[in-house]
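[1] heads up, no residue letters with this:
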């Protein structure tokens, strides 16, 4: 049998999905699980999507162009112009991808050679590590800390890790997994570093519709003057329209050479899915009220969650400014063990909670051992029940460990 | 402005799409183009697909499991059991991907580290080179020749290029771009090499429904006894159901470790498109007549094409046993120049032909310069017109070159 060494790529297991077998076992024992581990929203997808695909009048399910249907690119640009006032974003500046994941992966392959380095503040979205390993790219994490709510580190921290192989900085704004929303001042700091060291600045903005603090106006990477040749935007319709299953995203940049290079990767996989593109086109016509309702609902969930968590003894939870995640510090030594135990050994009135251990969201070995990532994708009532359940779990886990 | 060196990856331009700007110019001049450059079938997609997506009754467009919906995996396995008598292919042996392209790319990343080597008979599907470059994997081509219809080379030819870094052999059966259909004897030869040198054997079988010679019974890589831990099958619904835009494919293997590793890459991109999976599920219920009709139509097209080509002075065209491509040798020195000239400088009664220069289908620099790949995806009447047009083009090109 041939061996797989995978010494170069060594893909990590997903921290979001690796406890799934324990969850399945718990369900088989009749235990109800609150899923706080995964960012699958329960919000309805705009009806325009379903209407559009019901009305498709085609006989042959053909490839689309590799960069996506022209009509979709136009709709996408128009939406960004109207809703986000990104007036300089033109249809020819963007390329449709199979999800934001593909947009980021192709971008990384296009601008980073094997053994090149990318700087990412950590904790970070776990799959960033996977994309990097797939392309033999080195992640250079810089630390952010729960004490100051995971704010962007100083320029010094960046310069400590910049080498001749550093090609890019990647941020997620607002952040998955921390929920941190970057201020204009912080983005200016990033601009300064990018220009000084001539680095690409990639901003994953798939959660941009989910910010809850009107005093921090949202700044997109594409609206920073002077950064046109360095800025690359990653977007997706997954969270914006609760359409994760569509797998439609995009990458946008004013840097023509970068977009041309990404197009070569896009041609290689031929095209994004045709039907999902046709449905997505129609979603951009959704009423403004849709966004207001969704935002209001998530803000309520965030407030419910944070309030409940902050009441628990020994728990630290900064108030996340955006997205629908937060990193929470728990009074346990090893959340990998605690999260597994919650599924395998515990229930409170027939219920338990599934969370993602935060260690998988750190590129630095050994970090985040006493933290979890929580996705607040349940309604407030269920969130309260879930946190109550977690509180009881923490007490029981302490006793169980003391008895060992 | 940051530089992109891309020294390691250096993606080639697609030979199928790189002449597109010249085609657009020709269209603007009012010239009709016969597209023989791209494998987009004109056959209708089974109505079951369109019916199924019209009847979707969901409110939230959720992620599917990373390995695809369980129902789709069951349908896929049942179809392979019933139609191809691959009784040992179980739902748990396969993983749904976003097109056959992704299936192959993830497979390559899973079994080949950076700088590892993969042996592929050439001419080869151009994107195999791109996938390899993306993952910093080395393609070691072994030559096949138009004189013997692109048959599989001897074991000696393989052993000449096997090194300690060789991890896999990749074939496409029936072959894109040559149309060659491998015999059971040739597959036995591959089995011998794979076992002797402990190499993975990947077979891209996306054209398996398109074989035209009943005297060569189709042999899938998965039915070769003794090769269970080495064999990896790549499949797609694109050509089988004329559903290229669905971007639904799969990878199947009995090697559990390989499938588990591929699953990590699948988790990283989250899931294949949901709606397209729901539509695809229904297509597997298509009537047997659909395949018979489609096969009959393509056999007719192949016969029309080969007959017309073989009548042209100086043209060599082996009879392709399968798929819907052939590699044709033309009496010109440089088909990159000829194919571009056909679009930019020539028309016959207001029409011209777009073909893919074959140089892009060779990993070896300088090979295939006097060959083109032709996709016979037009009906017989249009194929005849297209070949007549090409014949006139060859005459005019000869005169134009003599005058230079």
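    That came in fine, so what should we check first? Please read these numbers as outputs of a predicted model, since none were measured by experiment.

[2] can you tell me the distance between the two ends of stretch A:113-132?
    10 Å (Cα to Cα, to the nearest Å).

[3] Let me know how buried the closest residue to chain B within the stretch 301-404 of chain A is, in neighbour terms.
    Residue nearest to chain B within the stretch 301-404 of chain A: residue A:377 (10.9 Å; Cβ to the nearest Cβ). Where C-beta positions appear, they are placed from N, C-alpha and C, glycine not excepted. A total of 21 residues lie near residue A:377 under the criterion other Cβ atoms under 10 Å in any protein chain shown.

[4] Quickly find the element holding the most centrally placed residue in chain A.
    Ranked by distance to the mean C-alpha position of chain A (Cα atoms, centre = their mean), the top residue is residue A:176 at 4.3 Å. Counting by DSSP states H and E, no helix or strand carries residue A:176.

[5] The residue lying closest to it once chain neighbours are set aside: neighbouring residues, count only.
    Counting by Cβ to Cβ, 6 or more residues apart in numbering or on different chains, residue A:125 is the residue found nearest to residue A:176 once chain neighbours are left out, at 4.8 Å. Neighbour count of residue A:125, defined by other Cβ under 10 Å: 25.

[6] Identify the residues contacting residue A:239.
    A:39, A:41, A:206-207, A:209-210, A:324 (Cβ atoms under 8 Å, 6 or more residues apart in numbering or on different chains).

[7] Quick check: which of these has the minimum pLDDT.
    Least confident of the contacts of residue A:239 in the model: residue A:39, at 81.

[8] name the element that one belongs to?
    Assigned by DSSP H and E, residue A:39 falls outside every helix and strand.

[9] ok, it touching residue A:356?
    No - with contacts defined as Cβ atoms under 8 Å, residue A:39 does not count as touching residue A:356, sitting 9.7 Å away.

[10] what's the overlap in contacts for the two?
    Joint contacts of residue A:39 and residue A:356 (Cβ under 8 Å, 6+ apart) are residue A:375.

[11] Neighbour count: the two, which is higher?
    residue A:356 (28 against 24).

[12] and that one, bridged to which residues?
    Residues in a beta bridge with residue A:356, per DSSP bridges, are residue A:373.

[13] Check it and give its pLDDT.
    95.

[14] How many neighbouring residues does the closest residue to residue A:91 other than its chain neighbours have?
    Spatial nearest neighbour of residue A:91, excluding adjacent residues (Cβ to Cβ, 6+ apart): residue A:73 at 4.1 Å. Neighbour count for residue A:73, taken as other Cβ under 10 Å: 23.

[15] my read is residue A:73 is in a helix, agree?
    Yes - under DSSP: H, G, I helix; E, B strand; the rest coil, residue A:73 falls within a helix.

[16] Outline the domain layout of chain A.
    A:20-44+A:289-403, A:47-283 (automatic domain parsing).

[17] so of those, which one's packed in deepest?
    domain A:47-283 (a mean of 21; mean count of other Cβ atoms under 10 Å in any protein chain shown).

[18] Distance from the chain centre to that domain, please.
    10 Å (Cα atoms, centre = their mean, to the nearest Å).

[19] low pLDDT regions in the stretch 1-150 of chain A?
    Applying pLDDT under 70 to the stretch 1-150 of chain A picks out residues A:5-8.

[20] Which parts of it are strands?
    In the stretch 1-150 of chain A, the segments counted as strands under DSSP state E, counting those that start in this stretch are A:32-35, A:94-97, A:117-122, A:138-143.

[21] So which of these is nearest chain B?
    Closest approach to chain B among the strands of the stretch 1-150 of chain A (Cβ to the nearest Cβ): strand A:94-97, 10.4 Å.
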